[in-house]
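Asker: my questions concern the predicted model and sequence given below.
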Amino acid sequence: MNGKAQQGLMRTYMLLAMLVLAPFTAQISEAQQPDIVQEHWYHSYLTLTHDVQSWAVAHPEVVILTIAGQTELGRNLWMLQISDWSETTKPDGTQKEVVYIDGGHHGNEHLGTELAFLTAEFYIEGWAAGDQEVIDVLKTTELHILIMLNADGNDIDTRWNINQVDLNRNYDHYWNTCPTTQPGSSAFSESETLANSNYMKTIVPDADLYVTMHTGVWIMLYPWGKWAEQPSDWELFHFIRDDVHENVSDIPIQNANQGLYPNCGTSRDFGYGVMGFPTFTFETDDEQWLPGTTEPLSSRLGEELDVMRYLITNIWHWRARLHIHDLVIEDESISATVVNNARASTSNATLWWVPKGVNANNLNVTNELIDEFNRSFTLSSEEAVMIGDFFAVNATNSTKISFKVPEGVSDDGTFLLVYQKRVIDSSMVVVEVVHDDEVSIASNEGDEWLGGWGMFDPFSMIFAMLAAAWWLGRTNV
């Protein structure tokens, strides 16, 4: 029996098995496909379209359905934006965290696509069911999920898109510099990858997690694919690896070059090397080509979904989070302890000051890489003053800084921390206000006699001696 005949026979067996098992399959949602399709049959473009449109109609308070672009054949790239949209910020008024997820780069890697679908389903249906974990996440986090990037390849069960291009070798990060398969005529030559990259750049440039979902071997891969060396933010990736292994799953987590093989032009390395996101390729299984699964998807991918829940729930920690502890202005120096409360280090942090009257909450920053070892930050206010030099703060650690006070800087203004969220050169720069209660002014040395020495103040001592002499003289009269 030849390979095609064996594959056809296998599909027949799969269909029969699904029909037999269908009556025993647990219902997922009345708004979704019938159980046999939902839990056993992988999505086509049409069934996915039905599902995401149904979600948008049934749960408008948490689901916004948009179109990120089109495939080469003109099919919509459906983008789910999932959050508690009754509020645009967190309850404390700060910006929500942003997660970006895509699936289905390769049309024959259906389990990767289904993991993206199950992740969306968990948060949408969980909100509707009143799941407290989900409610807490969606009040503070936006999920942007493109479930099926290669809809054309998905429906003909092929790795490539309709132009026979491997979409996960078509990104503009060392494009076509590794031994590769069908990278396309140029970086972003395909409408699918161009649309995906444009969404990253314009809608989610501040994402603090990007996961791209595939099927090939059970492993999670972090950058780089081109090099065997660990990435600049190895500290963050190693913490996630160790924490997942200790508390969630024993899935291997490795550098992509070492854990798989050299690969360039991938969305993972573009997401990290160009966008500055912490990124993972989630390889869910070694199964490809089959149209469905006898084991319900919700159980087959249950462990993988647990890993996704861990990554999303803890997203606050996947960047540097700096704050000032006791900024002191004394004579001609400014000193402070800068604390990093999160799991990513930053090697480019700075302290700034703007005078009273400048809106410190509405400042933009320009980040320019001068050469391999130097960069510059420029704030949008011409009155902004940078204090001292760049400094680094390691993850969950602190750094003491001390700089000379520039001319014109005083307590009658606002201090700012301006820093990159991670070590990688491409990571976003944030501007954060140092609150007034963290700033103190030390007394000048020449003014310390004004009660500053207490009982050891010489004027107080002289006065006390005179008073004692007067009292003694009075009693001798």
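Answerer: Sure thing, it's come through.

Asker: for the stretch 201-350 of the chain, what are the low-confidence residue spans?
Answerer: Applying pLDDT under 70 to the stretch 201-350 of the chain flags residues 288-289.

Asker: which residues does Tyr222 contact?
Answerer: Listed by Cβ atoms under 8 Å, 6 or more residues apart in numbering, the contact partners of Tyr222 are 231, 237, 253-256, 268, 272, 278-281. (Each C-beta comes from the backbone N, C-alpha and C, glycine too.)

Asker: partners of it in the sheet?
Answerer: Asn255 (DSSP bridges).

Asker: re the thing from before, looking at the contacts of Tyr222, spot the one nearest Thr89.
Answerer: Using Cβ to Cβ, Pro278 is the member of the contacts of Tyr222 that lies nearest Thr89, at 22.4 Å.

Asker: list the contacts of the closest one.
Answerer: Applying Cβ under 8 Å, 6+ apart, the residues contacting Pro278 are 208-210, 222, 233, 236-237, 272, 318-319, 344, 422.

Asker: burial of the closest residue in space to Asn257 that isn't next to it in sequence, as a residue count?
Answerer: Among residues not flanking Asn257 along the chain, Ala228 sits closest, at 4.7 Å (Cβ to Cβ, 6 or more residues apart in numbering). Ala228 has 11 neighbours, counted by other Cβ atoms under 10 Å.

Asker: ok, of the contacts of Tyr222, which come out buried?
Answerer: Buried residues within the contacts of Tyr222, counting neighbours by 16 or more other Cβ atoms under 10 Å: 231, 237, 253, 255-256, 268, 272, 278-281.

Asker: so of those, which ones are in strands?
Answerer: Using DSSP state E, 253, 255, 279-281 are the members of the buried ones among the contacts of Tyr222 that sit in strands.

Asker: doesn't Ala68 belong to a helix?
Answerer: No - counting by DSSP: H, G, I helix; E, B strand; the rest coil, Ala68 is not found in a helix; it is strand.

Asker: closest one of the contacts of Tyr222 to Asp155?
Answerer: Nearest to Asp155 among the contacts of Tyr222: Thr281, at 23.0 Å, using Cβ to Cβ.

Asker: ok, now which ones touch the closest residue in space to that closest one that isn't next to it in sequence?
Answerer: Leaving aside its sequence neighbours, Thr281 sits nearest to Leu221 (Cβ to Cβ, 6+ apart; 4.2 Å). Residues near Leu221 by Cβ under 8 Å, 6+ apart: 253-256, 259-260, 268, 280-281, 283.

Asker: can you rerun that using 6 Å?
Answerer: By Cβ atoms under 6 Å, 6 or more residues apart in numbering, the contact set of Leu221 is 256, 259-260, 281.

Asker: now for the residues you listed: which two are most distant?
Answerer: The largest separation in the contacts of Leu221, counting by Cβ to Cβ, is between Gly259 and Thr281 at 9.3 Å.

Asker: next, count neighbours for Asp425.
Answerer: Number of residues near Asp425 (other Cβ under 10 Å) recorded here: 15.

Asker: repeat that for Glu287.
Answerer: For Glu287, the count of nearby residues is 14 (other Cβ under 10 Å).

Asker: same check on Asn364?
Answerer: If you count neighbours by other Cβ under 10 Å, Asn364 ends up with 10.

Asker: spatially nearest residue to it, not counting backbone neighbours?
Answerer: Closest residue to Asn364 apart from its sequence neighbours, by Cβ to Cβ, 6+ apart: Ser380 at 4.2 Å.

Asker: the one you found is in contact with Asn362, isn't it?
Answerer: No - counting by Cβ atoms under 6 Å, Ser380 stays clear of Asn362, with 8.4 Å between them.

Asker: more crowded one of the two?
Answerer: Ser380 (12 against 9).

Asker: for the more buried one, phi and psi?
Answerer: Main-chain torsions, Ser380, degrees, to the nearest 10: phi -70, psi -10.

Asker: what about the strands in the stretch 251-400 of the chain?
Answerer: Taking DSSP state E, counting those that start in this stretch to define them, one finds strands in the stretch 251-400 of the chain at 253-255, 279-283, 322-330, 333-340, 346-355, 365-369, 375-379, 385-393, 398-404.

Asker: still on that earlier bit, save the contacts of Pro278 as JSON lines, and put in distance to His325 too.
Answerer: Listed next are the contacts of Pro278 as JSON lines, based on distance: Cβ to Cβ, whole Å:
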{"residue": "Asp208", "distance to His325": "23"}
{"residue": "Leu209", "distance to His325": "28"}
{"residue": "Tyr210", "distance to His325": "32"}
{"residue": "Tyr222", "distance to His325": "32"}
{"residue": "Asp233", "distance to His325": "24"}
{"residue": "Leu236", "distance to His325": "23"}
{"residue": "Phe237", "distance to His325": "28"}
{"residue": "Tyr272", "distance to His325": "31"}
{"residue": "Trp318", "distance to His325": "23"}
{"residue": "Arg319", "distance to His325": "19"}
{"residue": "Ala344", "distance to His325": "19"}
{"residue": "Arg422", "distance to His325": "22"}
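
Asker: distance check, the residue most central in space within the chain against Trp224.
Answerer: The centroid of the chain falls nearest to Asp208 when counting by Cα atoms, centre = their mean (1.3 Å). According to Cβ to Cβ, to the nearest Å, Asp208 and Trp224 sit 19 Å apart.

Asker: next one: Val307
Answerer: Separation of Val307 from Trp224 (Cβ to Cβ) stands at 21 Å.

Asker: of the two, who's got more company?
Answerer: Trp224 (25 against 21).

Asker: format the buried ones among the contacts of Tyr222 as CSV; extra columns: distance to Glu125.
Answerer: Output for the buried ones among the contacts of Tyr222, formatted as CSV (distance: Cβ to Cβ, whole Å):
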residue, distance to Glu125
Pro231, 35
Phe237, 31
Ile253, 28
Asn255, 35
Ala256, 32
Arg268, 28
Tyr272, 31
Pro278, 27
Thr279, 27
Phe280, 24
Thr281, 26
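
Asker: got a list of what Val244 touches?
Answerer: Applying Cβ under 6 Å, 6+ apart, no residues contact Val244.

Asker: can we see that at 7 Å?
Answerer: 253, 307, 310 (Cβ atoms under 7 Å, 6 or more residues apart in numbering).

Asker: surely Ser376 and Ile370 touch.
Answerer: Yes - using Cβ atoms under 7 Å, Ser376 is in contact with Ile370, at 6.1 Å.

Asker: so which of those two has more stuff around it?
Answerer: More neighbours surround Ser376 than the other of Ser376 and Ile370, with 13 against 8 (other Cβ under 10 Å).

Asker: name the nearest residue to that one, ignoring sequence neighbours.
Answerer: Glu368 (4.9 Å).
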